[in-house]
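Undergrad: could you look at this predicted model? Sequence included:
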Amino acid sequence: MNLLNISSPHATRSGNTGNVMLTVLLALIPGIITLSYFFGPGHLIQICIASATAIGCEALVLHLRKKPIGFYLKDYSALLTAVLLAISLPPYAPYWVTMVATLFAIVIAKHLYGGLGQNPFNPAMVGFALVLVSFPVEMTTSWSAPSALLENGIGVAQALEIIFSSRETIDAITMATPLDLYKNQVEIATASEIYQNPLFNGPNQEASIALGWQWVNVAFLLGGAFLLWKKIFTWHVPVSLLLSLSLLSIFIGWDSDSYVPISLHLFAGATMLGAFFIATDPVTASTTPLGKLIYGAGIGVLIYIIRTWGSYPDAVAFAVLLMNFAAPLIDQYSQPRTYGHKKAVRGLAKKD
Amino acid sequence: MNMHHFKLYDFDGGIHPEQNKSQSTQLPITTAKIPQRLILPIAQHIGAPGNPAVKPGDKVLKGQIIAKGEDFVSCNLHAPTSGIVGVIEDREVPHQSGMSATCIEIITDGKDTWIDHQGLDNYLESDAASLIDCIAQAGISGMGGAGFPTHVKASIPASKINTLIINAAECEPYITSDDLLMREYAMDIIKGIEILQRILLPEQCYIGIEDNKPQAIEALQIALKENLDDTHNIHVVVIPTKYPSGGEKQLIQILTGKEVPVAGIPADIGIVCQNVGTVHAIYQAVALGIPLISRITTITGDAVSSPQNYQVLLGTPVTDVLSQANAQPNKVKRLIMGGPMMGFTIASADTPITKTSNCIIAASDQELPDPAMEQACIRCGMCTQACPAQLLPQQLYWFAKSSNLEQAQAHNISDCIECGACSYVCPSNIPLVQYYRFAKGEIKQAKSDKKSSEQAKLRFDIRNARLDRETAEKDAKRKARAEAAAKKQAAKKAAPPATPASGDATAEPSVDTEVLKQKVLAAQTRVDKARERLAMAQEQNLETADALELGLNKQIDKLTAAQKSLEEAKS
């Protein structure tokens, strides 16, 4: 008998980090399908561009860092970053915007900090924020109108052309996002006037929140619920985020003639994607149960503040990045009470 | 019996690993054959090892004491069968470290001849002291895994105890020895509990048992009904199956909602916890006079063709029981003593079964494959969800990895019970518990280093003080001599040959105090030296420290006496 000698535990659950990332990717599928259904094939093309860039960058950096490339690529973390980034970006942004964002996310935001697990900031959001401040024109004029509002919809060929070569035809398909539109118009118009815009209730004025967007958000919500059920993350971050955002929308923005209403805050922007897929990135989030509540609530508050009084129409990226800064500190002050202890330890260890 | 509903509490975290218990519960307990040689480690319990009471070549009878536990926290060891003592030497013993330790070998004679033995008559009327003595004589230590001497635990003053908890949870996968013991010996277990109740006088007794053992639960309930009238306070409490509900702290939490305070013991909250196997051993010792010489051990794993529970003599080499259970040696990849969560691998099948060996898993490669390669921690927090001690395992991992011991301590690493739930769920296959063991070891080392450096400093200070005093002493002596010489000179010059007697009389007392002063100084020096030697001995943890302390006290007494006589002479 040639016996293996190792210490306990001997039994482990099967699976690895790659399984976790693949599960998250799986949970994104309904959202991606919905996005493509309502906004054309733009996001699918962006996913391809971002994924190829991410895998290329990851492999290159791993090679430079003399790490086994295959082993690390199989954790699928680069692919997940790419997909999250691609669906956050405007669907018809030029290909180089996506590539720059992805390259920055993988090389700077992830690997320069030491690779997976070591990065203090959410890589996808770092990439997003970079291109948002660097290329404001491309980033604000590349959201298409819901296909239902376009005569011929958006074909694959047209999408490819807009993304890769000529942006001449883009004016025909772009439109502001509902959050952006409402925010800009609420200064001069009443809620019922703003709701006349087909962006909200569609061409036929059927009762809805925001054409297309509402279903995209529902799809991401379902994907998030799936991940909760699979215990990939806990309820703390999404619930506290949505709760704080809702409470502020109710208490400050109760008057929809002056402020964006709660329905749009929850179902018109990147809220559900942010709450279930971005803010829950475990590497950059707070890790203690209490800390997660604070962290999620903080993001919700920041989203509301930036959307309401800031100059950006959506705010998930900046809100998440700002709370990323705070996460290590929150962790220090939100440790749970250990079994047998009277109270929890708060703050750093005292130096002798 | 009292069937009122019990309020159960839950503990945080916990996991549900595959149970793998049914394999070994298909057959009843079988008595394993007496092997040709028994290997008996003299330390099968926590505390001081027993002192061998036999020499090679001695003939021993079954049940005869072969090693005496003479310290307070120690255990007797008995010959599990009759035979002749072979060698007494270091052999590989079942231990995480794979270390060797002193073992007594017995070459069995196959006759299994008992020494005279008998239990206590009317043991339920005996006083606590004689029951505890009976348990101590029988060499019983906790059979659930830790191996703490049972008589020490039973010696906790009854006034402090209100609840007796019998740990029958057996939450680790694979292990079924307690399950089968309860199915087959439920009556003896109830009688064992009565003995413990007689000693500890608890207000209530809970038998905590996981709901995956319906037959054992039924057996206990029937035994309770048949054995006791309706006034008894023993409750079979069925708890949900969740690992590690059988951890002492967790079981206490489930049954009472209370937590054992940090660095405390269950008795601090009025609770004593005993494993169900230990209770059975208590019954056998007290009622029948049978010392702890055998135990029920589960022999299981994919490499075993007929897994089942065996009544095994202590000291039986694992290989002997494995072959009885038809193990296929070439299929065995990992040999685990204990469960798959907290058990340890043994490097050789010649390692003996001891008082704490509840299970042997002969695992195949498919069953427990080599650990997967460690991936990066993504702080997913699944470990935090699984931790039954409400720790932050992923934070502890980062601190351990960076040797940040201060932070690891501040995050209560010492409260980790090493149950392995965190490693079990970790998607990145990080051997978390190994990191914690490393950090705990480093912390222990750092503490002991700090202690010995403090003691070295103390010794240095004492030595310096002594040297200073010695110098002062020498100076004083020199001064005294010079003065005396000067006086003599002056006397010679000034005094006529006939000196008045009164002059001598006045000079005498001053000489006398001078001598006494010197005596005090000398005694002071001896005290200092003794103190130094003691400090040195304490620093090296020498056993002579006690003797040196006595010596120091004597020297201090002498010093005080000298000082006293000096004072008297002066006045």
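TA: Arrived safely. Only a predicted model underlies this, so the values are computations on that prediction, with no experimental measurement involved.

Undergrad: how is chain A carved up into domains?
TA: With domains defined by automatic domain parsing, chain A comprises A:15-175, A:196-334.

Undergrad: distance between the ends of the shortest one?
TA: Here the two ends of domain A:196-334 are set 47 Å apart, with distance taken as CA to CA, to the nearest Å.

Undergrad: check the offset of that domain from the chain's centre.
TA: Taking CA atoms, centre = their mean, to the nearest Å, one finds the center of domain A:196-334 at 10 Å from the center of the full chain.

Undergrad: could you give the average pLDDT over it?
TA: Here domain A:196-334 scores 91 as its mean pLDDT.

Undergrad: kindly report the same for the longest one.
TA: Model confidence over domain A:15-175 averages 91 on the pLDDT scale.

Undergrad: redo the domains of chain A as JSON lines? Include distance to residue B:212.
TA: Placement of C-beta: from N, CA and C, glycine included. Below are those laid out as JSON lines (distance: least, CB to CB, whole Å):
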{"stretch": "domain A:15-175", "distance to residue B:212": "24"}
{"stretch": "domain A:196-334", "distance to residue B:212": "22"}
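
Undergrad: mind listing the strands for the stretch 51-200 of chain B?
TA: Per DSSP state E, counting those that start in this stretch, the stretch 51-200 of chain B carries strands over the ranges B:51-52, B:59-60, B:65-68, B:77-78, B:83-92, B:100-108, B:163-167.

Undergrad: check what pLDDT the residue of the stretch 451-571 of chain B found nearest chain A gets.
TA: Going by CB to the nearest CB, chain A is nearest to residue B:454 of the stretch 451-571 of chain B, at 13.1 Å. Residue B:454 is assigned a predicted lDDT (pLDDT) of 90.

Undergrad: what is the burial count for it?
TA: 11 (other CB atoms under 10 Å in any protein chain shown).

Undergrad: element containing it, please.
TA: Using DSSP states H and E, residue B:454 sits in helix B:432-494.

Undergrad: one step back: closest one to residue B:536 among the strands of the stretch 51-200 of chain B?
TA: Nearest to residue B:536, of all these, is strand B:51-52, at 27.5 Å by CB to CB.

Undergrad: stretch B:293-302 close to chain A?
TA: No. Contact of stretch B:293-302 with chain A (CB under 8 Å from any CB of the partner chain) is absent, the minimum separation being 10.7 Å.

Undergrad: I figured residue A:216 hits residue A:33, correct?
TA: No. Counting by CB atoms under 8 Å, residue A:216 stays clear of residue A:33, with 9.7 Å between them.

Undergrad: so those two - more neighbours on which side?
TA: residue A:216 (28 against 14).

Undergrad: helix, strand or coil for that one?
TA: At residue A:216 the chain is in helix, as set by DSSP: H, G, I helix; E, B strand; the rest coil.

Undergrad: for the closest residue to it other than its chain neighbours, list the residues it contacts.
TA: Nearest non-adjacent residue to residue A:216, counting by CB to CB, 6 or more residues apart in numbering or on different chains: residue A:34, 4.8 Å away. Residue A:34 makes contact with A:212, A:215, A:216, A:218, A:219, according to CB atoms under 8 Å, 6 or more residues apart in numbering or on different chains.

Undergrad: out of the domains of chain A, which is closest to residue B:324?
TA: domain A:15-175 (36.8 Å).

Undergrad: gap between the two ends of that closest one?
TA: End-to-end distance of domain A:15-175 (CA to CA): 44 Å.

Undergrad: got the strands of the stretch 51-200 of chain B as TSV, with mean pLDDT and distance to residue B:249 columns?
TA: Shown next, in TSV, are those (pLDDT from 0 to 100; distance: least, CB to CB, whole Å):
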stretch	mean pLDDT	distance to residue B:249
strand B:51-52	90	33
strand B:59-60	94	40
strand B:65-68	92	31
strand B:77-78	94	29
strand B:83-92	91	31
strand B:100-108	92	29
strand B:163-167	95	11
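
Undergrad: with respect to burial, which of these scores highest?
TA: Of all the strands of the stretch 51-200 of chain B, strand B:77-78 has the most neighbours on average by mean count of other CB atoms under 10 Å in any protein chain shown, namely a mean of 27.

Undergrad: which strands border that strand, and is each parallel or antiparallel?
TA: The pairing partners recorded for strand B:77-78 under DSSP bridges are strand B:65-68 (antiparallel).

Undergrad: quick check: closest non-adjacent residue to residue 319.
TA: Just so you know, I chose chain A. Leaving aside its chain neighbours, residue A:319 sits nearest to residue A:302 (3.6 Å; criterion: CB to CB, 6+ apart).

Undergrad: looking at chain B here, not the other one
TA: Of all residues not flanking residue B:319 in the chain, residue B:349 sits nearest, at 3.8 Å (CB to CB, 6+ apart).

Undergrad: report pLDDT for that neighbour.
TA: If you check residue B:349, the pLDDT there is 89.

Undergrad: what residues are up against it?
TA: Residue B:349 makes contacts with A:1, A:3, B:317, B:318, B:319, B:322, B:329, B:335, as judged by CB under 8 Å, 6+ apart.

Undergrad: among the contacts of residue A:34, who's most crowded?
TA: Counting neighbours by other CB under 10 Å, residue A:216 leads the contacts of residue A:34 with 28 neighbours.

Undergrad: doesn't residue A:11 make contact with residue B:423?
TA: No. With contact defined as CB under 8 Å, residue B:423 does not count as touching residue A:11 (9.2 Å).

Undergrad: those two: who's more crowded?
TA: Each of residue B:423 and residue A:11 has its neighbours counted (other CB under 10 Å); residue B:423 has more, 28 against 25.

Undergrad: and residue A:213, how far is that from residue A:315?
TA: Computed as CB to CB, to the nearest Å, the residue A:213 to residue A:315 distance reads 16 Å.

Undergrad: more crowded one of these two?
TA: Between residue A:213 and residue A:315, residue A:213 has the larger neighbour count (other CB under 10 Å), namely 27 against 23.

Undergrad: name the nearest residue to the more buried one, sequence neighbours excluded.
TA: Closest to residue A:213 by CB to CB, 6+ apart is residue A:268, at 4.7 Å.

Undergrad: OK, contacts around that neighbour?
TA: Contacts of residue A:268 (CB under 8 Å, 6+ apart): A:177, A:178, A:179, A:182, A:209, A:210, A:213, A:214, A:217.

Undergrad: and the residues you listed, which two are the farthest apart?
TA: Largest pairwise distance in the contacts of residue A:268, by CB to CB, is 15.2 Å, between A:182 and A:217.

Undergrad: those two - which one has more neighbours?
TA: For residue A:182 versus residue A:217, the count of surrounding residues by other CB under 10 Å is larger for residue A:182: 26 against 23.

Undergrad: before we move on, back to that, relative to residue B:66, which of the domains of chain A is closest?
TA: The nearest among those, by CB to CB, is domain A:15-175 at 49.4 Å.

Undergrad: still on that earlier bit, mind listing what the residue nearest to residue A:319 touches?
TA: Shown in contact with residue A:302 (CB under 8 Å, 6+ apart): A:315, A:318, A:319, A:322, A:323.

Undergrad: which residues does the residue in the stretch 1-150 of chain A that chain B sits nearest to contact?
TA: With CB to the nearest CB as the measure, residue A:9 is the residue of the stretch 1-150 of chain A nearest to chain B, at 2.9 Å. Counting by CB under 8 Å, 6+ apart, residue A:9 touches B:340, B:341, B:342, B:419, B:420, B:423, B:424, B:433.

Undergrad: ok, now residue B:431?
TA: Residues near residue B:431 by CB under 8 Å, 6+ apart: A:7, B:371, B:374, B:423.

Undergrad: need the buried ones from those residues selected in PyMOL.
TA: Buried subset of the contacts of residue B:431, written as a PyMOL selection, criterion 16 or more other CB atoms under 10 Å in any protein chain shown:
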select buried, (chain A and resi 7) or (chain B and resi 423)
